[in-house]
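[1] Fold the stuff below for me.
(one chain, ligands or ions: 2)
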Amino acid sequence: MPPTVGAAPELERLGDEIAELSAQLDAATARLLDLIREFDARGGWGNGSGFRSCAHWLTWRVGMDPGAARERVRVARALGTLPRLAEALACGELSYSKVRALTRVATPETEERLLKVGRAGTAEHVERIVRGWRRVDRIAEAKQGIQRHRSRGLHVYQDEDGMVVIRGRLEPETGAVLMKALEASREALYQLARNNGVINKNVPAETLHPETGLLVCEDTPTWSQQQADALGLLAETALHHGIDPGTPGERYQVVVHVDAPVLAESDASTAADACGTADASAASNAPGQSVLENGTHVSAATSRRLACDSTRVVMRHDADGHATDVGARTRTIPPALRRALQHRDHGCRFPGCGLPFGQGHHIRHWANGGPTTLSNLAMLCRRHHRAVHEDGYQVERLPDGELQFRLPDGRLFPDVPPRAPVPPDPAERLRAQNEAEDLHIHPRVAIPDWSGERLDLGWAIDVLHPLAASNS
Ligand SMILES: [Zn+2]
Ligand SMILES: [Zn+2]
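    Numbers count the residues shown, from 1 in each chain. Ligands and ions are numbered 1, 2, ... in the order given. Here you go, the predicted model:
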């Protein structure tokens, strides 16, 4: 090997040790990726720990930078379907750098060929081949994308009998939205039918659907009839509410109904109920009910979250439940304060999150008398705002101004968890562990077969990539 020829023996030994320990580390990285893959697949980062993704959890728990953490999770997932590459990393034969690059393009079909690329080339060759490979992939993908985009279309016309006929092709993402909307709409219609008692008490029980209790007769709609009804409701809803989906802050308007005597009382615990209960059966003069503008009753926790950072309209009611006074619409957090909040918090403050935008959370709810001031506000993304209001996570501001988060069980949720303890000689420990796994790693395990010739990238891609010939 050219670089070590003629080197002093002790330098050669040093080089060997670097090569050997690097291979040991790569082998250990393979095990680390296995663990990450399992933790990710089993949702360890979400269940009870409230992180948005496995990468966010790694950032928090291990202290990786977000890019590296995302990359680890991506490679871990990819190796789940690429056993040959996983094995090459696990025995220290391919470096993590090479495997990382190869997993960007490898599929179970091309894995074998790319493994050879990894063995034969230097890390730089591998990187260049992968870039060339992706170019070919992208060209193929773009062609397919353009094809799809061009073939989109929706035809709506009236048939001879007056029925309106719909036929069309939607791009995958538009189609996904439509299917979601139809599902929600069907759900709503189904609820409506249940609530409106399509159930007829005078019919014998056997003609009622055993689960839904709906009347089973000639008119029970088929699946496609339900779809048609759902589409109708979608169209009506769009026309009724307007097409503009609105900005996130304006999407919900929280109307807080408060009894005049309750409002007059400044006691925090009573005022807390002012945006509390959501009992659908409560009369309009019941203290403390909270409903959305469209009449949807929401849980106490949800209504408190929605009210936390929203447009607020306060109505006073007399004892009979008639509105006596309607206050002006005001933003709970004025724009200037929101800008200051964004400037100070730079996004979600939940440990390990860091999403650059969010909602203003009142640490002590305004309904409990919490002031709308910087010190009582913390920025949280939508997900973590929900975690705090609905999932039992707690946040408070310490006297020194730092935020302190707690898990639903009350345990502290540190911003920076302590590092795991490391044995006094980590390299020895690593060697011992790899030996125990029956891996015999030596300094030359990862040396490529390359003998120094120039890499002809165009030729390499043409030979390797299954689609290269048809795209060149
Ligand atoms: Zn809040
Ligand atoms: Zn967040």
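[2] lowest-pLDDT helix or strand in the chain?
    Sorted by mean pLDDT, DSSP states H and E, the helices and strands of the chain end with helix 268-272, the least confident at a mean of 31.
[3] check contacts around the single nearest residue of the stretch 351-472 of the chain relative to ligand 1.
    Residue nearest to ligand 1 within the stretch 351-472 of the chain (C-beta to the ion): His361, separated by 3.5 Å. Quick note: C-beta positions are derived from backbone N, CA and C, even for glycine. Neighbour list for His361: Cys308, Asp309, Leu377, Ala378, Met379, Leu380, His385, Val388, Val395 [criterion: C-beta atoms under 8 Å, 6 or more residues apart in numbering].
[4] Buried members of those into PyMOL, please.
    Buried residues among the contacts of His361 (16 or more other C-beta atoms under 10 Å), as a PyMOL selection:
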select buried, resi 308+309+377+378+379+380+385+388+395
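[5] Max pairwise distance over the contacts of His361: which two?
    Asp309 and Val395 (14.2 Å; C-beta to C-beta).
[6] OK, contacts around the residue nearest the centre of the chain?
    Centroid-nearest residue in the chain, with C-alpha atoms, centre = their mean: Arg52, separated by 5.3 Å. With contact taken as C-beta under 8 Å, 6+ apart, Arg52 is in contact with Cys353, Leu355, Cys381, Arg383.
[7] how about a cut-off of 10 Å?
    Contacts for Arg52 (C-beta atoms under 10 Å, 6 or more residues apart in numbering) come out as Trp45, Gly46, Cys348, Phe350, Gly352, Cys353, Gly354, Leu355, Cys381, Arg383, His384, Ala387.
[8] ditto for Pro351
    Residues near Pro351 by C-beta under 10 Å, 6+ apart: 49-51, 56-57, 59-61, 384, 393, 403, 405, 413-417.
[9] same thing with Glu435?
    Taking C-beta under 10 Å, 6+ apart as the criterion, Glu435 is in contact with Gln24, Ile441.
[10] okay, now Ile36: neighbour count?
    When neighbours are counted by other C-beta atoms under 10 Å, Ile36 registers 24.
[11] didn't it look like it was pressed against Leu58?
    Yes: contact status for Ile36 versus Leu58: in contact at 7.3 Å, counting by C-beta atoms under 10 Å.
[12] Report the set of residues contacting both of the two.
    Trp45, Ala69, Arg72, Val73.
[13] Please identify which of those is nearest to Trp366.
    Scanning those for proximity to Trp366, where the rule is C-beta to C-beta, the winner is Trp45, at 32.2 Å.
[14] Quick check, pLDDT for the closest one.
    Trp45 is assigned a pLDDT of 88 by the prediction.
[15] Repeat that for the one 3 residues further on.
    With respect to pLDDT, Gly48 scores 63.
[16] Highest neighbour count among the contacts of Arg52?
    Busiest of the contacts of Arg52 [other C-beta under 10 Å] is Phe350, holding 30 neighbours.
[17] Got phi/psi on the residue lying closest to it once chain neighbours are set aside?
    The shortest distance from Phe350 to any non-neighbouring residue, by C-beta to C-beta, 6 or more residues apart in numbering, is to His384 (3.8 Å). The phi and psi torsions at His384 (degrees, to the nearest 10) take the values phi -80, psi -20.
[18] Looks like His384 contacts Phe357 (just checking).
    No: counting by C-beta under 10 Å, no contact exists between His384 and Phe357, whose distance comes to 12.0 Å.
[19] between these two, what contacts are shared?
    Cys348.
[20] Enumerate every residue touching whichever residue of the stretch 301-450 of the chain sits closest to ligand 1.
    Going by C-beta to the ion, ligand 1 is nearest to Cys308 of the stretch 301-450 of the chain, at 3.0 Å. Applying C-beta under 10 Å, 6+ apart, one finds that Cys308 lies in contact with 254, 275, 332-333, 359-363, 365-367, 370, 377, 380, 385, 388-389.
[21] tell me the contacts of the residue nearest to Phe350?
    Per C-beta under 10 Å, 6+ apart, neighbours of His384: 50-52, 348-353, 355, 358-359, 361, 378, 391, 393, 395, 405.
[22] Among the contacts of Cys308, which ones are in helices?
    Among these, the ones falling in helices (DSSP state H) are His385, Val388, His389.
[23] sorry, back to before: what is the nearest of the shared contacts of Ile36 and Leu58 to ligand 1?
    Trp45 (22.9 Å).
[24] element containing the residue lying closest to the closest one once chain neighbours are set aside, please.
    In space, and not counting its chain neighbours, Trp45 is closest to Trp57: 3.6 Å by C-beta to C-beta, 6+ apart. Following DSSP states H and E, one finds Trp57 within helix 54-62.
[25] For the stretch 201-350 of the chain, which residues are neighbours of ligand 1?
    Neighbours of ligand 1 within the stretch 201-350 of the chain, by C-beta under 5 Å from the ion: Cys308.
[26] how near is the residue nearest to Phe350 to Tyr393?
    Note on His384: its distance to Tyr393, by C-beta to C-beta, to the nearest Å, is 8 Å.
[27] Give the ChimeraX command for selecting the buried subset of the contacts of Pro351.
    Buried residues within these, by 16+ other C-beta under 10 Å, are selected in ChimeraX with:
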select :49,50,51,56,57,59,60,61,384,393,405,413
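[28] residue boundaries of the strands in this protein?
    Ranges of strands within the chain are 153-158, 164-169, 254-259, 290-292, 311-317, 323-326, 330-331, 359-362, 377-380, 394-397, 403-406, 412-413, based on DSSP state E.
[29] wait, what's in contact with the residue in the stretch 1-150 of the chain that ligand 1 sits nearest to?
    Ligand 1 sits closest to Gly50 of the stretch 1-150 of the chain, with a gap of 14.8 Å, by C-beta to the ion. Residues in contact with Gly50 (C-beta under 10 Å, 6+ apart) are 56-57, 350-353, 383-384, 386-388, 391-393, 405, 407-408, 413.
[30] same question, Glu111
    By C-beta under 10 Å, 6+ apart, the residues touching Glu111 are Thr81, Leu82, Pro83, Arg84, Leu85, Ala86, Leu102, Thr103.
[31] ok, back up a step: which two among the contacts of Arg52 are spaced furthest apart?
    Gly46 and Gly354 (16.6 Å).
[32] sorry, back to before: make JSON lines from the contacts of Glu111 and add neighbour count and distance to Leu457 to it.
    Listed next are the contacts of Glu111 as JSON lines, based on neighbours: other C-beta atoms under 10 Å; distance: C-beta to C-beta, whole Å:
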{"residue": "Thr81", "neighbour count": "13", "distance to Leu457": "27"}
{"residue": "Leu82", "neighbour count": "23", "distance to Leu457": "23"}
{"residue": "Pro83", "neighbour count": "12", "distance to Leu457": "28"}
{"residue": "Arg84", "neighbour count": "15", "distance to Leu457": "23"}
{"residue": "Leu85", "neighbour count": "24", "distance to Leu457": "21"}
{"residue": "Ala86", "neighbour count": "22", "distance to Leu457": "26"}
{"residue": "Leu102", "neighbour count": "27", "distance to Leu457": "16"}
{"residue": "Thr103", "neighbour count": "24", "distance to Leu457": "20"}
